[in-house]
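Visitor: when you get a sec, could you give me coordinates for this:
(chains A and B)
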Amino acid sequence: KAGVTQTPRYLIKTRGQQVTLSCSPISGHRSVSWYQQTPGQGLQFLFEYFSETQRNKGNFPGRFSGRQFSNSRSEMNVSTLELGDSALYLCASSLAFNSPLHFGNGTRLTVT
Amino acid sequence: DAKTTQPTSMDCAEGRAANLPCNHSTISGNEYVYWYRQIHSQGPQYIIHGLKNNETNEMASLIITEDRKSSTLILPHATLRDTAVYYCIVRVDRGSTLGRLYFGRGTQLTVWP
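Guide: Numbering: from 1, shown residues only, chains lettered A, B, ... in the order given. Okay, here's the model as predicted:
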């Protein structure tokens, strides 16, 4: 079974631009979560989607948004990029309650 | 969710058992203990989880103390590929927190030849 797939793997953007990252969960998984990882803050939860609805949101500004499609694929968008948004963005999917999260290998975003 | 405490770093000789401790003294009755690891530049990888009984799978064993205030992840025969940051997480498995994990700083395990 294919794992969680994130595209693109690397991305370079300029301050002020916006970016969209994509995540395809493991087949059959309906929960998709997004995390940001930086050297200073570690792994931080962004938001979670289940059946196209956002169920949980972390402490990030409104510039960070996401959505989930009917096939469970998810996208996250960051608008008006700042230098501090440079990070590894990780997507994870889960099957059900008491099921572990399975992570993709992330998208490395660099903002210049 | 309960907070966990792990040593910042540990090392282990290749072929020996690696025992990674985790304290979770404020864990509540319905919180599970999960272990993940992250190899450099990859996403975290699920290893094992448990509630109160010891668990074993093809990757590792999880030993949870009777009072559930601490646990130990055991890699029985560490290899160089086990060099990674290991995260111990406690998590309530209810719907609203299905995808939300609180990662601390973890333990950097270095396996040397």
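Visitor: mind checking how far B:W35 is from chain A?
Guide: 10 Å (CB to the nearest CB, to the nearest Å). Where you see a C-beta, it was placed from the backbone N, CA and C, and this is true even at glycine.
Visitor: tell me which helix or strand of chain B sits lowest on mean pLDDT?
Guide: Here the helix or strand of chain B ranked lowest by mean pLDDT, DSSP states H and E is strand B:84-92, holding a mean of 90.
Visitor: mind listing what it pairs with, with the direction of each?
Guide: strand B:31-38 (antiparallel), strand B:107-112 (antiparallel) (DSSP bridges).
Visitor: send me it as PDB with only the CA atoms.
Guide: Extracted C-alpha coordinates of strand B:84-92, given in PDB (Å, rounded to 0.1, in the frame of the first residue of the first chain):
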ATOM      1  CA  ALA B  84      17.200   9.100  14.700                       C
ATOM      2  CA  VAL B  85      15.300  11.400  17.000                       C
ATOM      3  CA  TYR B  86      12.800   9.300  19.100                       C
ATOM      4  CA  TYR B  87       9.600  10.900  20.300                       C
ATOM      5  CA  CYS B  88       7.500   9.700  23.200                       C
ATOM      6  CA  ILE B  89       4.000  11.000  23.000                       C
ATOM      7  CA  VAL B  90       0.900  10.400  25.200                       C
ATOM      8  CA  ARG B  91      -2.400  10.800  23.400                       C
ATOM      9  CA  VAL B  92      -6.000  10.500  24.200                       C
END
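Visitor: where do the strands sit along chain B?
Guide: B:9-13, B:18-23, B:31-38, B:45-50, B:55-56, B:61-64, B:70-75, B:84-92, B:107-112 (DSSP state E).
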